[in-house]
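[1] here is my input; please provide its structure:
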Amino acid sequence: MSEIIPNQITITVTDEVSADEIISTVLKHNCKIIKHLPIIKVYVISTPSGQENEAIEALKKEPFVTSAQSNRIRNL
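    The predicted structure follows:
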């Protein structure tokens, strides 16, 4: 079971993309990087209030994004 964290998404990126390209793309979609997990190539991103789905769909279209989804708290 998991709970969605409001106004946050995660993206996973390819090895070939630069940090500058990720930052500029995230900003282009009115979002902000709040955490980077480099070993697994994941970024936690804050979105404008209520815009998680729009940000997910927009970032999925970027060639270096391999996945985009809501950020969740996992309950064990």
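[2] end-to-end on stretch 29-47?
    9 Å (Cα to Cα, to the nearest Å).
[3] what average pLDDT does that stretch get?
    Computed over stretch 29-47, the mean pLDDT rounds to 97.
[4] contacts for that stretch, please.
    7-15, 22-23, 26, 48, 51, 54-55, 58-59, 66, 71 (Cβ atoms under 8 Å, 6 or more residues apart in numbering). Placement of C-beta: from N, CA and C, glycine included.
[5] go again using 6 Å as the cut-off
    Asn7, Gln8, Ile9, Thr10, Ile11, Thr12, Val13, Val26, Pro48, Ala55, Ala58, Asn71 (Cβ atoms under 6 Å, 6 or more residues apart in numbering).
[6] longest strand in this protein, please.
    strand 2-13 (DSSP state E).
[7] about what we covered before: can you lay out the contacts of stretch 29-47 as CSV showing distance to Met1 and neighbour count?
    Output for those, formatted as CSV (distance: Cβ to Cβ, whole Å; neighbours: other Cβ atoms under 10 Å):
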residue, distance to Met1, neighbour count
Asn7, 21, 17
Gln8, 18, 18
Ile9, 19, 23
Thr10, 18, 20
Ile11, 23, 25
Thr12, 22, 15
Val13, 28, 21
Val26, 29, 20
Pro48, 27, 13
Ala55, 24, 23
Ala58, 28, 17
Asn71, 15, 21
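[8] possible to save those residues as a markdown table with distance to Ile33?
    Shown next, in a markdown table, are these (distance: Cβ to Cβ, whole Å):
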| residue | distance to Ile33 |
| --- | --- |
| Asn7 | 14 |
| Gln8 | 11 |
| Ile9 | 11 |
| Thr10 | 11 |
| Ile11 | 9 |
| Thr12 | 13 |
| Val13 | 11 |
| Val26 | 6 |
| Pro48 | 14 |
| Ala55 | 12 |
| Ala58 | 15 |
| Asn71 | 12 |
